[in-house]
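Trainee: Structure, please.
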Amino acid sequence: MQRDILLRVGSESATNVTWLAGIILAILLVYVLFGRRQVVGPALAVGMILLPLAARVVIYGVDLDLFRVLLIVVGFRILLSGQFKEIQWGRADRFILLWVLTSVVAKTILFGTMSALINRVGFAIDILGTLLAFRFALDDSERVDAVIRTFAWCSIPICLAMIAEQLTGWNAFSWLGANWRIAVREGGIRSQGPFSHPILAGTFGAACFPFAVYLYARGWKTLGVVTGLSMIAIALLPRSSGPVISLMAAVGLLLAWFWRRRMRALVWGAIAMMIFLQLVMKAPIWALMARAAVFGASTAWHRYFLFDSFIRHWPNWVLVGSRSTSGWGGAYDHLFDITNMYVFVGVEGGGLALFAFLAVFWRLLRGLGQASEHWQLPGSYSLWIFGAILGVHLVSFFGIAYFDQMLRILVAQWALAGTLVIIGIEKSECATNSP
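Mentor: All right, here's what the predicted structure looks like:
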């Protein structure tokens, strides 16, 4: 299938952006450059979720996907308007910065090439640019709600397109530059929508399913129900075990609200159970990953062996990462396929990068817990929902290393959670200073 090409000039500048993607980008650029600050967040969310990573612009050798164009424009707006000093930063942001800087330095030292540096600079632009843009766009709970509603509305066309992909074998998002070739497993189509891989599409549905509960709890009941059904379909249609398990984790974490008073006992009970299993099992406890398969063709054993090899070969990556994981498996030569986010972060940046990455979740979860002490229902449950979202990501990381939109969506959800933490801290300070 041939896609309409918007522009192609010279040998150094080119683009494979379709006409429809170009029109959407132009509209979003108007919003993020000239629109009021409260519309910047929803515009960013639309571009981040719906515009495929495959739609790219190359200008004199500089490779930009369409969302990076939006990030650059937002960056210029912040600098030219002098509003950088108005941005509120959270305590978790310093760990995000540490993760990014460590990854850039580690890979540059490890490979010692300009291409490695350029690769990590692009990674830094994605992470820090997304964080900066959403920190600029989010400064109160109403703007958080607006971005979450945008996530919800975006889930509906993605769900419909993925259903159509099942029925017709054609990906409607190819009109925006996504891959039109379908993926098949055991004779069944694995829908992927605007994402680069079916598992990432399913992970989006699982990680954003709690937004449906958030909207329902905040009063947008119809949108919440429709979003919930859409997210469930998005998680199931890729026919991948990881997103299904993550969706089950999302439901369990949301229901755990009713046992929140006993959460400390539940956590310690889970830790005790893991210690007991480790003592009685012949294999390490993470060998249970090999049994975590919902579909027959799932590569659960590969994920277990990758994680096990990562732990056993820790001296190879703990300082500045590792050039390759392909030699860790001996006769099994497929470990180059890193399908685990924890392994990916450690291999790309070393032990310090992995520590900083995990510290982001620790800091946000702790902040959400502290902020919930100063919120009444439904606000306190909203904070719990964001804690559930973070927990879903921690589960999903065992089955996929994030890239394309999902990595940016993760950062955006960090920013959303961080904004609520900052608001909670302000409520705490007001309560403390009040007479």
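Trainee: Could you list the low-pLDDT ranges of the stretch 251-400 of the chain?
Mentor: Low-confidence segments of the stretch 251-400 of the chain, defined by pLDDT under 70, are located at 295-298, 374-379.
Trainee: Would you state the helices of it in chain order?
Mentor: Counting by DSSP state H, counting those that start in this stretch, the stretch 251-400 of the chain has helices at residues 263-280, 300-312, 314-317, 341-372, 379-396.
Trainee: I'd like to know which elements the fourth one is packed against.
Mentor: Okay, so that is helix 341-372. Counting contacts by 3 or more Cβ pairs under 8 Å, 6 or more residues apart in numbering; DSSP states H and E, the secondary-structure elements packed against helix 341-372 are helix 92-111, helix 300-312, helix 314-317, helix 379-396, helix 404-433. In short, each C-beta sits where N, CA and C put it, glycine included.
Trainee: so it versus helix 404-433, what angle?
Mentor: 30 degrees (axes from the mean of the first three to the mean of the last three Cα atoms, to 10 degrees).
Trainee: Could you provide the helices and strands packed on helix 341-372 in a markdown table, with additional columns for mean neighbour count?
Mentor: Formatted as a markdown table, the helices and strands packed on helix 341-372 follow (neighbours: other Cβ atoms under 10 Å):
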| stretch | mean neighbour count |
| --- | --- |
| helix 92-111 | 20 |
| helix 300-312 | 19 |
| helix 314-317 | 15 |
| helix 379-396 | 23 |
| helix 404-433 | 20 |
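Trainee: I'd like those as a markdown table, with distance to L223 appended.
Mentor: Written out in a markdown table, the entries for the helices and strands packed on helix 341-372 read as follows (distance: least, Cβ to Cβ, whole Å):
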| stretch | distance to L223 |
| --- | --- |
| helix 92-111 | 28 |
| helix 300-312 | 35 |
| helix 314-317 | 44 |
| helix 379-396 | 15 |
| helix 404-433 | 17 |
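Trainee: Figure out which of those is closest to V32.
Mentor: helix 404-433 (14.2 Å; Cβ to Cβ).
Trainee: what angle do the closest one and helix 92-111 make?
Mentor: Relative orientation of helix 404-433 with respect to helix 92-111: 140 degrees, computed using the same axes, to 10 degrees.
Trainee: gap between helix 404-433 and the chain center?
Mentor: Once both centres are worked out by Cα atoms, centre = their mean, to the nearest Å, helix 404-433 turns out to sit 15 Å from its chain's centre.
Trainee: In three-state terms, label L64 for me.
Mentor: Following DSSP: H, G, I helix; E, B strand; the rest coil, L64 is assigned to strand.
Trainee: phi, psi of the closest residue to it other than its chain neighbours?
Mentor: Excluding the flanking residues, the one nearest L64 by Cβ to Cβ, 6 or more residues apart in numbering is V57, at 5.0 Å. Torsion angles at V57 (phi, psi; degrees, to the nearest 10) stand at phi -120, psi 130.
Trainee: V57 contacts G22, correct?
Mentor: No - shown here, V57 and G22 do not form a contact pair, counting by Cβ atoms under 8 Å, at 9.7 Å.
Trainee: Would you mind saying which of the helices of the stretch 251-400 of the chain lies nearest T102?
Mentor: Closest to T102 of those is helix 341-372 (Cβ to Cβ; 4.2 Å).
Trainee: Quick check: I189 is in a strand.
Mentor: Yes - I189 sits within a strand when classified using three-state DSSP.
Trainee: With Y304 as the reference, measure out to the residue lying closest to L101 once chain neighbours are set aside.
Mentor: Excluding its sequence neighbours, the residue lying closest to L101 (Cβ to Cβ, 6+ apart) is A124, at 7.8 Å. With the distance defined as Cβ to Cβ, to the nearest Å, A124 ends up 32 Å from Y304.
Trainee: next one: A417
Mentor: Using Cβ to Cβ, we find A417 at a distance of 30 Å from Y304.
Trainee: what's the answer for P42, then?
Mentor: Taken as Cβ to Cβ, the spacing of P42 relative to Y304 amounts to 40 Å.
Trainee: what do you get for I232?
Mentor: Counting by Cβ to Cβ, the gap from I232 to Y304 is 27 Å.
Trainee: S382 too?
Mentor: For S382 relative to Y304 (Cβ to Cβ), the value is 36 Å.
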